[in-house]
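[1] Prediction below, plus the sequence it came from.
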Amino acid sequence: MPIQKVDKIWMNGELVDWDDATIHVLTHTLHYGNGAFEGIRAYETDRGPAVFRLTPHIERLFRSAKILYIDVPWSVEDLVTAVKDTVRANDLPSCYIRPLVYLGYGEMGLNPIPCQVDVSVACWPWGTYLGDEGIASGVRMMVSSWQRHDPNSMPPAAKGCGHYINSQMAKVQAINSGYDEAILLSPQGHVSECSGENLFVVRDGTIVTPPVSAGALEGITQDAVRRIATDLGFGYTEGNILRSDLYTADEAFLSGTAAEVVPVRSVDDREIGDPGPVTRAIQEVFYEAVRGKRPEYAEWNEYVD
Ligand code: PPE
């Protein structure tokens, strides 16, 4: 989906014009992939744009950077403010927000430590990631032949730029094979997650999602699903899932910032069927919560003004 241009991008403390937010071709991260990013959404509410769980996203960005030996030259509060300033400057009722910590121009070679650390925050309007039809009726998934990376080679707890080569391999394979999205297994053979979403299966009213140790990112939407599911009285647990558990699930769904909460229609051509009652109930509360319509989750709405 083409990026829709807006007015301003925050770069190293300044709001610059969209067309001026450029970098040198010898930028370190462009060559070696070491950097960290976040994907965040701001939703339209009666009180103006509310950034969904902004502070936890920025905190995760700092954890990612720490894992990757990157020292971010700003505080969490600074970058929370930077995101709000960027959304406000672009006057968008809702948008996707992409903070990026990258190693800039000035050094070459594999040691990242001498590199200058640059930070940018961009936002733009971005519709549904897996399609409106996907949110309504579910997506068709395949288990990829590409494995999720091992925690001792590319730590999945870090949302590192280069980590996403793995996701891209799986995504392209899935699309070329006629599916909407890929599910990756860990090197130990457990279900890990999707190319850019956490995965859940429902069996007898209990929701199960793979742990970080199976290669899953600690999703912020996943954590919101945990709260909603628990509040609705569903069982919820983190645990290992086998490929066959996907085929025999009563329901399955994905969660992620870009994708939001999306039902799974089938896995490897085994029909799971129409979105079931657990998925529907969670979706409904989630979409009300992000739009500021659920006082019990008010702390999730971080307003821009
Ligand atoms: N797993 C992966 C691998 C992942 O990339 C994401 C977010 C998640 C789980 C869900 O995490 P959270 O957004 O905190 O609930 N993926 C981001 C990037 C997707 C992209 O295509 O780019 C996102 O959804 O913004």
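    Structure's in. What do you need?
[2] Tell me, how many residues neighbour residue 193?
    28 (other C-beta atoms under 10 Å). Glycine gets a C-beta too; all of them are placed from N, C-alpha and C.
[3] Quick one: mean pLDDT over the helix or strand hosting it.
    Per DSSP states H and E, residue 193 falls inside strand 191-194. With pLDDT averaged residue by residue, strand 191-194 scores 98.
[4] Touching that strand from outside, list them.
    Strand 191-194 is touched from outside by 141, 148, 156, 181-186, 199, 210, 214-217, 240-243, 245-246, 254, 256, with contacts defined as C-beta atoms under 8 Å, 6 or more residues apart in numbering.
[5] and the ligand, which of these reach it?
    217, 256 (C-beta under 6 Å from any ligand atom).
[6] What subset of the contacts of strand 191-194 is buried?
    In terms of neighbour count (16 or more other C-beta atoms under 10 Å), the buried residues within those are 141, 148, 156, 181-186, 199, 210, 214-217, 240-241, 245-246, 254, 256.
[7] Just these: which are in helices?
    Among these, the members falling in helices are 245-246 (criterion: DSSP state H).
[8] So which of the buried ones among the contacts of strand 191-194 sit within strands?
    141, 181-185, 199, 254, 256 (DSSP state E).
[9] farthest-separated two in these?
    Largest separation among these by C-beta to C-beta: 185 and 256, giving 18.2 Å.
[10] residues in contact with the closest residue to residue 298 other than its chain neighbours?
    In space, residue 298 comes closest to residue 292 once its chain neighbours are excluded; the distance is 7.5 Å by C-beta to C-beta, 6 or more residues apart in numbering. Residue 292 makes contact with 43, 45-47, 50, 298, 301, according to C-beta under 8 Å, 6+ apart.
[11] Can you check my assumption that residue 292 lies in a strand?
    No. Applying DSSP: H, G, I helix; E, B strand; the rest coil, one finds residue 292 to be coil, outside a strand.
[12] how close does it get to residue 252?
    Using C-beta to C-beta, to the nearest Å, one obtains 28 Å as the distance from residue 292 to residue 252.
[13] Backbone dihedrals for residue 9, both of them.
    Phi and psi for residue 9, reported as degrees, to the nearest 10, are phi -130, psi 140.
[14] Find me the pLDDT at it, would you?
    For residue 9, the model assigns a pLDDT of 98.
[15] what ranges do the strands span in the stretch 51-200 of the chain?
    Counting by DSSP state E, counting those that start in this stretch, the stretch 51-200 of the chain has strands at residues 95-103, 117-124, 139-143, 181-185, 191-194, 198-203.
[16] most tightly surrounded among these?
    When the strands of the stretch 51-200 of the chain are scored by mean count of other C-beta atoms under 10 Å, the highest mean neighbour count falls to strand 191-194 (a mean of 28).
[17] Write out the residues of the stretch 201-305 of the chain neighbouring the ligand.
    So the stretch 201-305 of the chain meets the ligand at 217, 219-222, 255-259 (C-beta under 6 Å from any ligand atom).
[18] Dump those to TSV, plus distance to residue 175 and pLDDT.
    TSV is the format used below for these (distance: C-beta to C-beta, whole Å; pLDDT from 0 to 100):
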residue	distance to residue 175	pLDDT
217	21	97
219	22	98
220	26	98
221	22	98
222	24	98
255	20	98
256	17	98
257	20	98
258	16	96
259	15	95
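[19] Just name the shakiest helix or strand of the chain by mean pLDDT.
    Sorted by mean pLDDT, DSSP states H and E, the helices and strands of the chain end with helix 132-137, the least confident at a mean of 88.
[20] Give me the contact list for stretch 73-83.
    10, 13, 40, 51, 54-55, 58-59, 61-62, 72, 97, 99, 117, 119, 121, 123, 302.
[21] Any part of the strand holding residue 193 near the ligand?
    Yes. Using C-beta under 6 Å from any ligand atom, strand 191-194 reaches the ligand at residue 193.
[22] Nearest to the ligand within the protein, name that residue for me.
    Residue nearest to the ligand within the chain: residue 39 (1.9 Å; C-beta to the nearest ligand atom).
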